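Visitor: here are the coordinates; sequence isn't available:
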Ligand SMILES: NCc1[nH]cc(CCC(=O)O)c1CC(=O)O
């Protein structure tokens, strides 16, 4: 048997839960005993910087920077990421080789039974510009405040520092937390790549690519690639409120919905498209350009 592959992951409880899911899927697919894949935790800049919103410090790259460095240097064989936190442009040395089947894509509100149910003027903690803008669009009376920290930290602030918070259902579920009420996607469209866990290896590592290909879930892969292509084309930063969700039908066609908002949610542009990703792979980029063309100035200014 070959030597155990080394999996690089962040050390947060959610990152570790996701890393174990990928390790278990690989072990099962290749007939390795449970625990064969070695986990190596890597502290990223994103983990280190807890006092400021990441958007102010340098954005998503901070969640993968050190993982990328270890992987490129050959200290690990692959990295596992929340695809939502992975920059839409990746180093050429790295290859996204697998995605697990996507989990619940919705956000959940914790601290109220729905957005409409939040009391007048309630204070909602979120550091996501998308969630803040979508929330304010529906409920301009609400206040939002940036909160950071891992899922447990944020939950701990509900009822004390804030009245409510919004979190991804996928993350809560993976941590075994049943708290919160799901918000339907036509009310709050999720972030590009939300609820998808991906594995990335060195582009030239054919062996690792083949091992990971065995656990790649094609419908999730197609949907997440479409959302990431959309996100790349609209540009913007971590300050830019952007939502995108693609759903793969049984025939492989994708239904891609997307939304751009102004920071306070007062203005918005949205669109959707159904297409065959094999025949028209440029469609997400076209949708992005269409939304940018139609975007009001306050929205456009936040993007490319
Ligand atoms: N930005 C942090 C982050 N990255 C991925 C998830 C949730 C899991 C996922 O979307 O796959 C979370 C927490 C959250 O948004 O509630």
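Guide: Arrived safely. Remember, predicted model here, so these are calculated numbers, not experimental data. Residues are numbered from 1 along each chain as shown.

Visitor: show me the beta-bridge partners of residue 95.
Guide: Beta-bridge pairing for residue 95 (DSSP bridges): residue 201.

Visitor: verify the stated contact: it with residue 210.
Guide: No. Counting by Cβ atoms under 8 Å, residue 95 does not reach residue 210; the two are 11.6 Å apart. (Glycine included, C-beta is placed from N, CA and C.)

Visitor: quick one: which of the two has more around it?
Guide: residue 95 (19 against 11; other Cβ atoms under 10 Å).

Visitor: and the pLDDT at residue 248?
Guide: According to the prediction, residue 248 has pLDDT 97.

Visitor: can the host helix or strand of residue 63 be said to contact the ligand?
Guide: Element membership of residue 63 [criterion: DSSP states H and E] is helix 61-72. No. Shown here: helix 61-72 not in contact with the ligand (Cβ under 6 Å from any ligand atom), separated by at least 7.8 Å.

Visitor: what sits closest to residue 225 if chain neighbours are left out?
Guide: residue 277 (7.7 Å; Cβ to Cβ, 6 or more residues apart in numbering).

Visitor: what's the distance between that neighbour and residue 209?
Guide: For residue 277, the distance to residue 209 (Cβ to Cβ, to the nearest Å) stands at 21 Å.

Visitor: between these two, point out the one with more neighbours.
Guide: For residue 277 versus residue 209, neighbours defined as other Cβ under 10 Å are more numerous around residue 277 (20 against 17).

Visitor: that one contacts residue 283, doesn't it?
Guide: Yes. At 7.4 Å, residue 277 counts as touching residue 283 under the criterion of Cβ under 8 Å.

Visitor: what do these two both touch?
Guide: 226, 254 (Cβ atoms under 8 Å, 6 or more residues apart in numbering).

Visitor: after the helix holding residue 63 comes which helix or strand?
Guide: strand 78-82.

Visitor: and the stretch 51-200 of the chain, which of its residues are near the ligand?
Guide: So the stretch 51-200 of the chain meets the ligand at 82, 84-85, 151, 167-168, 170-171, 194-195 (Cβ under 6 Å from any ligand atom).

Visitor: which ones among the residues you listed lie within strands?
Guide: 82, 167-168 (DSSP state E).

Visitor: could you point out which residue ranges in the chain have low pLDDT?
Guide: Within the chain, the segments meeting pLDDT under 70 span 1, 50-58.

Visitor: tell me the domain ranges of this structure?
Guide: 6-100+196-216, 107-183, 232-300 (automatic domain parsing).

Visitor: how far does the shortest one stretch from start to finish?
Guide: So that's domain 232-300. One end of domain 232-300 sits 15 Å from the other (Cα to Cα, to the nearest Å).

Visitor: likewise for stretch 148-158?
Guide: Where stretch 148-158 begins and where it ends lie 13 Å apart, using Cα to Cα.

Visitor: give me the buried positions along it.
Guide: Under the neighbour-count criterion of 16 or more other Cβ atoms under 10 Å, stretch 148-158 has 148, 150-151, 154-155, 157-158 buried.

Visitor: and stretch 221-238, by the same measure?
Guide: Buried residues in stretch 221-238 (16+ other Cβ under 10 Å): 221-234, 236, 238.

Visitor: and the furthest pair within those residues?
Guide: Using Cβ to Cβ, the pair of the buried residues of stretch 221-238 lying farthest apart is 222 and 238, separated by 25.3 Å.

Visitor: could you pull out the helices for the chain?
Guide: For the chain, the helices defined by DSSP state H occupy 13-30, 45-48, 54-57, 61-72, 129-138, 151-156, 169-174, 206-213, 218-234, 283-294, 297-300.

Visitor: for the fourth one, list every residue counted as buried.
Guide: Pointing back at helix 61-72 there. Those would be 61-68, 70-71, for helix 61-72 by 16+ other Cβ under 10 Å.

Visitor: including distance to residue 249, could those residues go into JSON lines?
Guide: Below are the buried residues of helix 61-72 laid out as JSON lines (distance: Cβ to Cβ, whole Å):
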{"residue": "61", "distance to residue 249": "33"}
{"residue": "62", "distance to residue 249": "36"}
{"residue": "63", "distance to residue 249": "31"}
{"residue": "64", "distance to residue 249": "31"}
{"residue": "65", "distance to residue 249": "36"}
{"residue": "66", "distance to residue 249": "38"}
{"residue": "67", "distance to residue 249": "33"}
{"residue": "68", "distance to residue 249": "34"}
{"residue": "70", "distance to residue 249": "38"}
{"residue": "71", "distance to residue 249": "34"}
